[in-house]
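Trainee: missing the sequence, but the structure's below:
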């Protein structure tokens, strides 16, 4: 204990911000490279060719001279961009009111723990020392909450901006060849990924350092207050994911919605408003929403790890480097992802359609392999060879290589989940082909087979998560879980790049169609899009897997902070919590699914006001109600129940939806004899496939991914309010 | 302790068998009354009028003179009966092989606990006394397992026999009026209900008394061995429910199946083979399957209560009356149900179509109210005013009125679940009407709304179950849960009567159509059937609710027997169990749902051999694998996880299916302006509704109800094998 680490504290203080700044700089370089594709005027368009790669000249270049196409693309892009911006600003107004209200709640509830006293108090875990008053924790928690929400908003918004900046450029580059278009789309995704990862890290690091000015040596209080950052990020995601998801799907269904959101486009405009709305939806849901979601996971797992570390030997001996191990992992992650990105953009080139999907999948594998070494190095230089971790009241001895294994198992579990998801949702494999085949006997069998596929696809991801939990839990208790989650998220920049690539390509295809571009260009953008669908499914699996680990880590931190040492299923308080908790994802899904249905019939604004708000209330209020009336034991049960049941529904819903989507595409593409036998478009089997696809949309884009937020947000909220519940909670059982 | 109960032991020894015999006698009386409707020859048919009620003469009687109709009905009935019998015998062959194999497994595993020693051993809970050797427990457990399976088979088979005996008779009586037809269908249901409840009680009572000849004062060993009875009943249900359910649905889909099962009917026979198969399916799935399922619950909750009681003060002081309290509750239940039945058949008369559904619902309310008094009396006369209950290693003091509350809360929770289920699945209320309305925009919105409805319908039943658990757990620990489950099942005879009424009426309608009877007779049978649909949904909700309580009680008994005192979610072994356990219902559902799809394309036999077997293997092997390799802690987690997640899927799946079915019927019936606007048959909205109905069939008839079995069977199996797992389990963790 107290043993020096190889990396001095000064080194840590330099390394983290430097890595974050490198990440941001890299994002801007990518942005500039994308910007080289000119969209301003037809004349300048070929100027894009003087750009970064010239290798794809052998592909047929067509339509380069048609300047009117460029102008049309620019117009469509600006319509999409305006739509998305106006949607997000409407959303931010709601979010703003909510955030302020919730910030006040946090301050009042946490401040009341010691009756708003401004005097220092004995520390929770070490009575001999004095800690800052609860009122300070309340104030700083509120501050970090707002900071987390703000960072999430900025990251999501910038992501949306680059996505709507890049979509038409991807379309234009598609005239020159699939490789050029791929690079534009991928670089734009990378901008999003790196901005988010680096911003998240930098803001968190700055916040810690600023808070330290006040807290001084009271690290316990400091990192308790920092948990608000996770809550802020995650609350924002509730709006981004759920609101964006509902918008996306509602837009998919009703074209009449559009006129109300984008007032610039008359309803009879040749640029089909339904398509514009669909494209807007991709940007607000899959880009801004997904970004907020993963940012939330990232912030939460960092906070969960930090709060457990602060009461472990790192925190007690004030070993800064070891304490900031979670941030160091993320820092190295940025460097690793940077290197990985170069593999796609510079070291290798995509020359043909068949190379797109392997190139994207290679990104996942390369980043995982490189990151394994990265984690090993970080663990080696920044951890003492042995240290102790706080484990529900007792201290547990951990070796540095054991912690390395915790992070690595999370990282690799993420890869496994990604590939299993791909297997179940890509139309290159038998599961989706079977679903497509079931369309022969109509929509009903399609729905049955799709639901069964989703249920089945849960098995391996859950086993992978279970193994990660077992390994990391056994080695380093809840701290192990938190760093395993961080491990899964350490390659977040690459993950997001791949993820954001999907909607950008999708938009590019939409723009090509609306601009009336030629069939061969459509084929190129379709190929980009098809690969994007698969990676989007992978991204969702990844988001759910990390959400599960994060929630468990937060749950562990909550339990520590609420001073519970066992959560015994054999006590009635816990068991009913478990049962009711397992019910919540169903309730939540019922609400989000119906919102889509209603929104399809009504307007976006309506949906914002009603159904959608009630699902948010459910998520935000459940931990408060349970904590206040039933106490921390029942709340523990609720969190565990919601976690174990929510993960399953989330995985099955998103894979079912993905499979239906690709089954439809499989029939439409008609790439094999089997597929051609089912097609063509408009055949009975195709119609059945379309019904499946429509059912799947709310499952995969709204209900499924929103459940990540449900389980994470309830856990982080419980963590933030833990001292309040411990002090004033369980009213009902106190009465009886 | 040791305080005498008001009811002497001799009284208990008389009361239980007498009640059981009364139940059986009542069932036979009902059967004879049904048999009075002659089916043998056209000439005798009007002889049925000389029967039991003559009050409905004012209704138009038609077609009574058409003797050919009677002959036709008799033919169709015998076809259905033969089909069902041949299916069940095929099923029993599979079951037989499985049961023998599993019996051997039980004997070997349990015998190995003490290395097949024939010497007496110190008791588990009281080291100062000697208990019978593990080998004896192994032998008697095996015996009671076979006894449970046999009783289940007999009850299910007799139920199917009376159902296929009554269906054509109901059709014929429908010529005389809806009231007469109702009474025939209801009486037949009562035969099934009373036979099952009384048989289950009698065989259990006899087994206890026979086993006592060997065990003498070793009640602990005696009631450990008796748990095999529950396992036997439940294993049989796995075949009845899953196999029957898959057959039912497969028959629904593919008419080509039929020729293979019922070899008597040529495929071109005017009696549509698809309809015959559908009718056969109702009898094997909803009658024999449902019967096995509820018999399993009943046997399991009795066994769970008895095994906990045997190590509580009752067992230690050898207080026979208090010990057999669970059986006394069931005995009084038979008397209460008998009285309740008379309300439907003798005290009041159903005269018009609108009176059918209220009459059935009144049965539930009357039986619940009467049973509340019944429980109070039993609790008063058979329990000491204060006694102690074994509660995970400690003794808990319980008052007799507290135990009364435990049973009563279970009983009333059952009623609440029943009525909530009705609200969500009956087309008299807005949820189903909304689903019907969503058909306007096509099959996709119908599916989305239906799924959302199912998710939403979970909320109140789960809260009702949670309250029951909390109350009964708080008062009397796991014994409280077991008797709460028994409370819910105490009116099983009435519940089953109502439940069996549904498929009988359904068949009656089918027969009327096939026999070419007039439109007005069809209308009467349709009305009977519509009421039956609602009660079938109620029955399913009831079965799931009781399964949840039973599983928890078994889980508690398992934990006691495996000598675990806490199941702490904060340990990795338990948490991964919880997570993986929550995944199992998805895996299981995936298999059962796909079996239906495959069976629709292939043959019944095929489905029996393949997909179906793998789902059975999953259920039967999971506890063994987890227990042997991961040990009892992980197994506890798996049981808890499967329970909390399985209940939700089961409820949502069966209500979704029920709602789709009734949404379709709502459009077809066109009873309101709204319904007429959506119809008629063949309209776009109706087509969308048909797709929903087809998707719903496997959900409500196969996958949903089968999950009851999954959670119960895993729990009872764990309980039976608990000593083996405690002695030899957890291999994997022993190695590492």
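Mentor: Looks like it arrived, so ask away. All figures in this text were calculated on a predicted structure; none of them were measured in a lab. Numbering: from 1, shown residues only, chains lettered A, B, ... in the order given.
Trainee: Every contact and neighbour count from this point should use C-alpha atoms.
Mentor: Will do.
Trainee: List the residues that contact whatever residue of the stretch 251-400 of chain A ends up closest to chain B.
Mentor: The stretch 251-400 of chain A approaches chain B most closely through residue A:392 (8.5 Å), counting by CA to the nearest CA. When contacts are counted by CA atoms under 8 Å, 6 or more residues apart in numbering or on different chains, residue A:392 touches A:559, A:560, A:563, A:564, A:565, A:566.
Trainee: at 7 Å what do you get?
Mentor: Counting by CA atoms under 7 Å, 6 or more residues apart in numbering or on different chains, residue A:392 makes contact with A:560, A:565.
Trainee: Repeat that for the one 4 residues further on.
Mentor: Residue A:396 makes contacts with A:388, A:389, A:390, as judged by CA under 7 Å, 6+ apart.
Trainee: Name the nearest residue to the residue nearest the centre of chain A, sequence neighbours excluded.
Mentor: When CA atoms, centre = their mean is applied to chain A, the residue found nearest the centroid is residue A:294 (2.4 Å). Spatial nearest neighbour of residue A:294, chain neighbours left out: residue A:543 (6.4 Å); criterion: CA to CA, 6 or more residues apart in numbering or on different chains.
Trainee: same thing with residue A:88?
Mentor: Setting aside the residues directly before and after it, residue A:88 is nearest to residue A:284 in space (CA to CA, 6+ apart), at 7.1 Å.
Trainee: wait, is that neighbour part of a helix?
Mentor: Yes. Under DSSP: H, G, I helix; E, B strand; the rest coil, residue A:284 sits within a helix.
Trainee: Hmm, residue A:84 and it touching each other?
Mentor: Yes. Between residue A:284 and residue A:84 there is a contact under CA atoms under 7 Å: 6.2 Å.
Trainee: so for the host helix or strand of residue A:111, what's the average pLDDT?
Mentor: With secondary structure defined by DSSP states H and E, residue A:111 is part of helix A:67-111. Across helix A:67-111, pLDDT averages out at 83.
Trainee: Run through the neighbouring helices and strands of it.
Mentor: On a contact count with 3 or more CA pairs under 7 Å, 6 or more residues apart in numbering or on different chains; DSSP states H and E, helix A:67-111 meets helix A:134-174, helix A:273-281, helix A:704-728.
Trainee: Let me know the angle separating that helix from helix A:134-174.
Mentor: In terms of direction (axes from the mean of the first three to the mean of the last three CA atoms, to 10 degrees), helix A:67-111 departs from helix A:134-174 by 170 degrees.
Trainee: can you give me the angle the helix or strand hosting residue A:524 makes with helix A:704-728?
Mentor: Residue A:524 belongs to helix A:519-561 when assigned by DSSP H and E. Interaxial angle, helix A:519-561 versus helix A:704-728 (the same axes, to 10 degrees): 20 degrees.
Trainee: For the stretch 501-650 of chain A, list the residues in contact with chain B, please.
Mentor: Within the stretch 501-650 of chain A, the positions lying close to chain B (CA under 7 Å from any CA of the partner chain) are A:566-570, A:572-573, A:576, A:579-580, A:582-583, A:586-587, A:589-590, A:593-594, A:597, A:644-645, A:648.
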